[in-house]
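Undergrad: no sequence on this one, just coordinates:
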């Protein structure tokens, strides 16, 4: 058990809809990362937060947004969903978000767009 | 584009054999990490090697790093069926962006 909790585990919705994915980091970790994993794109870094502030941005679409709250949990909001957004979305956390620290991954949210 | 590219994409071996996976990256790094992902699960951190290190061991795992060739290898000795998983390398960047870039992964299948 990594200590990172992601909810929901599965999400099925339709094109054009909006969803929110939630992540609770491992106790003591201040940094949260979001990744998208699809069959043809591998693991894509979306965004990183550290102690409530955005630290790094990757290939995150404008339709997607995220935030980290004062209690350190994070939410990833996906809107105007398209079929291509179907993927596994992972949250990971690390102590201070530095490159010499391991990331601890949750088991992901599987998003299916119909 | 991907920073790390693992090779081979897939590998099938018999239990007890050694498995070697390679990772190549494009820009200079501070650290390189290897992760394992069992089917449908989150990634699990295996080992981290710093840019000033050449080799690191952890149990049956041996990682090497050649910064001149921008490549790393992960060796799993005496493989077990439970080692069946996908293996990813991840690199950070010295540019201070704190981003991690994951490779495309090697799918390892260990046959009992």
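TA: That came through fine. Just so it is clear, the model here is predicted, and its values are computed rather than measured.
Undergrad: Bridged to the residue nearest to the spatial centre of chain A, which residues?
TA: The residue lying closest to the centre of chain A (CA atoms, centre = their mean) is residue A:34, at 3.1 Å. Counting by DSSP bridges, residue A:34 is bridged to residue A:47, residue A:91.
Undergrad: How about the residues of chain A by chain B?
TA: Contacts of chain A with chain B, taken as CB under 8 Å from any CB of the partner chain, map to A:2, A:4, A:33, A:35, A:42-43, A:45, A:48, A:50, A:55-56, A:58, A:90, A:92, A:97-100, A:102-108. Backbone N, C-alpha and C define where each C-beta goes, glycine included.
Undergrad: Any quick PyMOL command for the buried ones out of those residues?
TA: Of these, the buried ones go into a single PyMOL selection, burial set by 16 or more other CB atoms under 10 Å in any protein chain shown:
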select buried, chain A and resi 2+4+33+35+42+43+45+48+50+55+56+58+90+92+97+99+102+103+104+105+106+107+108
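Undergrad: quick revisit: who are the neighbours in contact with the residue nearest to the centre of chain A?
TA: The contact partners of residue A:34, by CB atoms under 8 Å, 6 or more residues apart in numbering or on different chains, come to A:23, A:45, A:46, A:47, A:48, A:60, A:66, A:74, A:76, A:89, A:90, A:91.
Undergrad: Touching, the second one and residue B:100? I think so.
TA: Yes. Under the criterion of CB atoms under 8 Å, residue A:45 lies in contact with residue B:100, with a separation of 6.0 Å.
Undergrad: tell me, what's touching these two both at once?
TA: Taking CB under 8 Å, 6+ apart as the contact rule, residue A:45 and residue B:100 both touch residue A:33.
Undergrad: Okay, the residue nearest to the centre of chain A and residue A:114: tell me how far apart.
TA: Between residue A:34 and residue A:114 the computed distance is 23 Å (CB to CB, to the nearest Å).
Undergrad: returning to that earlier point: of the contacts of residue A:34 - the most surrounded one?
TA: residue A:91 (30 neighbours; other CB atoms under 10 Å in any protein chain shown).
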